[in-house]
Structures are given as structure tokens and as C-alpha cells.
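K.L.:
okay, here's the prediction I keep looking at, along with the sequence it came from:
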Amino acid sequence: MKQYLYIMSNKKNWPLWEIFVRSKNGLEHRHFGSLHAADAEMALENARDVYTRRNEGVSIWVVESKNITASNPENNGEMFEPAHDKVYRHPTFYDLPDEVKHM
Amino acid sequence: MSEEQIRSLENQFEARIARDEKIEPKDWMPEKYRKTHIRQMSQHAHSEVVGMLPEGNWITRAPSLRRKVALLAKVQDEAGHGLYLYSACETLGISRDELYDQLHSGKAKYSSIFNYPTVTWADMGAIGWLVDGAAIINQVPLCNTSYGPYARAMIRVCKEESFHQRQGYEIMIKLANGTPEQKELAQDALNRWWWPSLMMLGPTDAESIHTEQSMKWKLKRKSNDDLRQQFIDQTVPQAELIGLTIPDPDLKWNEEKGCYDFGEINWDEFWQVVKGHGPCNKERMKARVGAWEEGEWVRDAAMAHAEKKQERKQKQAV
Ligand SMILES: [Fe+2]
Ligand SMILES: [Fe+2]
């Protein structure tokens, strides 16, 4: 495209939103993906059109992506390893006589 | 990081993929993995978006309300596919604006098939049946690809694609069983879309550059030639069933191999279209760039409106 001159808008771009959808009552909201929208209301409307065109949801949450704080996989050692050796947190750690069938 | 450290990270990374672990956005990844994924996923997203143009051409002229709602819903799905893929791409640290810029400046490619014109209603049938059919064959293996956001997007896309192919084939059935003129339309559309659909599955294995690395990263699970064979073997009986003839005099069932032999593909044509000399390359880009530029005031107005609402809310709070 030789003639095409790309003019960057000096206006702000639509921010990114993370979309969470509850597929039916009784289930939790689950992360479905993300999209751009000017504000929360538009994010909700766009999420409806993008993610629930076939009755995939009964409730939608939108959160601006910049407001999410995520753990860093590089720190997964400090973060999650302490749970590795805590076998006593699991029911199978405890010895019970065979006569006790369900506990 | 020293070279040695990087090499050890790379080995761990390849081992994770070999164990079928998924890679997620914030995980360490080799630069080449990131770049290759941005290229393939964005190319895929652009194809979904540009792919709306040839079919959008017929929405207002659909022959019945039933056909019109179906085509409209299909084109809307393709917009959705583009969005799933663009946002998956953005998780690798490239902005939507940059992605659009790459498409609009001609730096990024999209599937060549969309550079062919849609001249009759029967083309809506042929596209759904053949083009979406070939796309499904390409996309199903990607539901298991190594990059988490890409795999999740592909699962959603694949769920939606089967309706696309069925509505296209239904159009072909109706025309093939209609008046002689209608059958002629269907045959003509098959004649024009057959070879480009075969090319859509990519250059022959001998000429395909990225395959080995892509296989390792599960960006590709079967070779182009295998996918093409699968497409032919599944489509030929569907054509026979509705009394249409595949436009290939060399097409013949090979009893020994258990698959169809087929004629030579005109790869010169393929490369010509890839290089921008297809029948509609210019028209497609003009439509995309036009839509983006003419939509700028709407995007800006929405942003200004959102800011004004926000300010009003803050003032009321004081
Ligand atoms: Fe699609
Ligand atoms: Fe499709």
C-alpha cells in the first residue's frame, strides 16, 4: 500500500477490559477473554456481542485490565512451593482402620 | 542473562511443551516463540476480519430472510473470531493499534483466498462449504497448540465454525437441486473456488519454510500436504452427493493408497496472489483502511463521551 499514510490519532485509544462470564446460575464467573471499549458500559455491551451470541452467559463482569494485579510466574517458587510438602493438609495423610469405611 | 543461562531456559521451555504443558502470557519464552506467535496469530486474526468482506458483499442481496439471517450471523461470527485472536495476540505484548497498522500498511499478510471476488449468490455456498471447510481442517489441530490463549481462542472458533460450513453446503444443495440455471451457478462457483481452497492449506511441504519449528511448538500438527489430502478426501464425496463435478480431470480414487490422487496445483497463481496481484487485493485493503479511517471520529467520539460521563460522575461526588 504505497499511497497509504498511517495517521496516528492523538486521541487516547480505547482501553482493554477483561471479561468474566457466568454461564448459568450456580456456576462462578469465568474469564472468557478481553476486548477494547471506551468505558465499562460499552465493555458490557461488546462482551454481550462477542462472548454470549449463543446463550453462553447469564451474567457478565468487566474489569479494566490495568486494574488487575497478577502474580509473576518467575516467583512461582516462593509463591507456591511452600504448599508442596504439606501433605498433612490432605485426607489421605491420616491412617484410619479399614473398618471405618467412609470418612 | 548469559548465553548459557538462556540456553538452559530454552531447553526447559521446550521440555515443558514436549510434556504438553501450556505456555501462558507471563511465562518466560524465547523471543522467537513470541515473534512467531504474534505473526501467525495476527495473520489469522487479519484473515478473519478481511474474510468478512467477500461475504458482506451479499448480505443485502440474500435470496430470502432465512439466508440473510444466516449469512449475517456467520459474518458476525467472523468478526468475533478476529477479536478472540487479536486479544490473544495482545497478551504477547503487542497493541491492537500496531496489529491494525501492520495489516493496513501491507506489512502483515492474511489468507489469500479472500482476494478472490464473490460474483454470484452461489459463491456464498462455495465459501461456507469449501473455505470454511478448509479453515476447520486447519484450525481443529490448533485447539491443542502450546500457547494457552491461542488454544482457548481456537476452541471457541472451532465450536462456531461448523454452522458456517453447514449453511454453505445447504446453499449448494438447494442450488444443485434447483433449475438448470441454478445448478449451473453452483457448478460455476465450485469451479472457481476449488483450486484456491486447495491452495489455502498452504504451500507444498517441500516449499514450506517454518514447518519443523512450528511442529515442535504445536503451531502445526500435520503438514500442509496431509491437511490438503484430508480436505480433498472429505470434500469429493460431498460434491458427488449433490451431483456437482470437481474441476480436476486428474482426480481419481487410488485404491492402493486409500485416498484421492489429484492434479497439479497452479502455485504460480498462489504466489502471485500472495504478492498482492490477486483479483481483489487492492479492493480489500482499500475497504479495510477506509473502514478504519472513516471510523476514527466514532472511536474518538466514544472516548470523549466516556470521559465526559466520568467527569460528570466525579463532580456529582464532590
Ligand atoms: Fe472464522
Ligand atoms: Fe467461518
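P.N.:
Alright, I've got the coordinates. Numbers count the residues shown, from 1 in each chain, chains lettered A, B, ... in the order given. Ligands and ions are numbered 1, 2, ... in the order given.

K.L.:
all helices for the chain, in order.
P.N.:
All of this is about chain A. For chain A, applying DSSP state H gives helices covering A:40-51, A:76-80.

K.L.:
sorry, should have said chain B
P.N.:
Along chain B, the stretches classed as helices by DSSP H are B:3-18, B:31-50, B:52-56, B:65-90, B:96-104, B:122-126, B:132-139, B:148-176, B:180-200, B:211-216, B:224-241, B:267-272, B:281-294, B:296-317.

K.L.:
shaky segments in chain A?
P.N.:
A:1-11 (pLDDT under 70).

K.L.:
mind listing what the residue nearest to B:E10 when sequence neighbours are not counted touches?
P.N.:
In space, and not counting its chain neighbours, B:E10 is closest to B:P30: 5.4 Å by CB to CB, 6 or more residues apart in numbering or on different chains. Quick note: C-beta positions are derived from backbone N, CA and C, even for glycine. Applying CB atoms under 8 Å, 6 or more residues apart in numbering or on different chains to B:P30 gives the contacts B:9-10, B:13.

K.L.:
only the buried subset of these, as a PyMOL command please.
P.N.:
The PyMOL command for the buried members of those (criterion: 16 or more other CB atoms under 10 Å in any protein chain shown) is given here:
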select buried, chain B and resi 13
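
K.L.:
show me the contacts for B:S208.
P.N.:
B:S208 makes contacts with B:202, B:223-224, as judged by CB under 8 Å, 6+ apart.

K.L.:
next, format the contacts of B:P30 as a markdown table and append pLDDT.
P.N.:
Formatted as a markdown table, these follow (pLDDT from 0 to 100):
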| residue | pLDDT |
| --- | --- |
| B:L9 | 92 |
| B:E10 | 93 |
| B:F13 | 95 |
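
K.L.:
around ligand 2, pick out the residues from the stretch 101-250 of chain B.
P.N.:
Residues of the stretch 101-250 of chain B found near ligand 2 (CB under 5 Å from the ion) are B:132, B:161, B:164.

K.L.:
select the helix or strand of chain B having the lowest average pLDDT value.
P.N.:
helix B:211-216 (a mean of 84; mean pLDDT, DSSP states H and E).

K.L.:
tell me, how many residues neighbour B:S146?
P.N.:
22 (other CB atoms under 10 Å in any protein chain shown).

K.L.:
likewise B:L83?
P.N.:
23.

K.L.:
isn't B:K22 right up against B:Y147?
P.N.:
Yes. Using CB atoms under 8 Å, B:K22 is in contact with B:Y147, at 7.3 Å.

K.L.:
neighbour-wise, which of those two wins?
P.N.:
Using other CB under 10 Å, the more surrounded residue of B:K22 and B:Y147 is B:Y147, with 29 against 17.

K.L.:
show me where pLDDT drops low in the stretch 51-200 of chain B?
P.N.:
For the stretch 51-200 of chain B, no stretch has pLDDT under 70.

K.L.:
report the closest residue of it relative to ligand 1.
P.N.:
The nearest approach of the stretch 51-200 of chain B to ligand 1 comes at B:H81, 3.8 Å away (CB to the ion).

K.L.:
still on that earlier bit, select, out of the helices of chain A, the one closest to ligand 2.
P.N.:
Closest of the helices of chain A to ligand 2 is helix A:40-51, at 15.3 Å (criterion: CB to the ion).

K.L.:
got a pLDDT number for the residue nearest to B:E10?
P.N.:
B:P30 is assigned 95 on the pLDDT scale.

K.L.:
the one 4 residues further on too?
P.N.:
The confidence metric pLDDT takes the value 96 at B:R34.

K.L.:
now B:A317
P.N.:
85.

K.L.:
try B:I6
P.N.:
What the model reports for B:I6 is a pLDDT of 88.

K.L.:
same check, this time on B:S223
P.N.:
B:S223 carries a pLDDT value of 91.

K.L.:
over to the one 10 residues further on?
P.N.:
On the pLDDT scale, B:D233 is placed at 98.

K.L.:
was I right about B:S112 contacting B:W271?
P.N.:
No. The pair B:S112 / B:W271 is not scored as a contact, 9.2 Å apart, by CB under 8 Å.

K.L.:
and the two? Which one has more around it.
P.N.:
B:S112 (21 against 14).

K.L.:
quick one, what contacts that one?
P.N.:
B:S112 neighbours (CB under 8 Å, 6+ apart): B:196, B:199-200, B:270, B:273-274, B:278.

K.L.:
how about a cut-off of 6 Å?
P.N.:
B:S112 sits next to B:273-274 when contact means CB atoms under 6 Å, 6 or more residues apart in numbering or on different chains.

K.L.:
what about it, distance to B:V298?
P.N.:
Computed as CB to CB, to the nearest Å, the B:S112 to B:V298 distance reads 30 Å.

K.L.:
so how far is B:L103 from A:H36?
P.N.:
16 Å.

K.L.:
need the nearest residue in space to the closest residue to ligand 2 within chain B, chain neighbours excluded.
P.N.:
Minimum separation of chain B from ligand 2 (CB to the ion) falls at B:H164, amounting to 3.7 Å. The shortest distance from B:H164 to any non-neighbouring residue, by CB to CB, 6+ apart, is to B:D132 (4.1 Å).

K.L.:
for the one you found, give me its contacts.
P.N.:
B:D132 is in contact with B:161, B:164-165, counting by CB under 6 Å, 6+ apart.

K.L.:
and of these, the nearest to B:V75?
P.N.:
Proximity of these to B:V75 (CB to CB) peaks at B:H164, which lies at 9.7 Å.

K.L.:
can you name the residues that contact that closest one?
P.N.:
Under the criterion of CB under 6 Å, 6+ apart, the neighbours of B:H164 are B:74, B:128, B:132.
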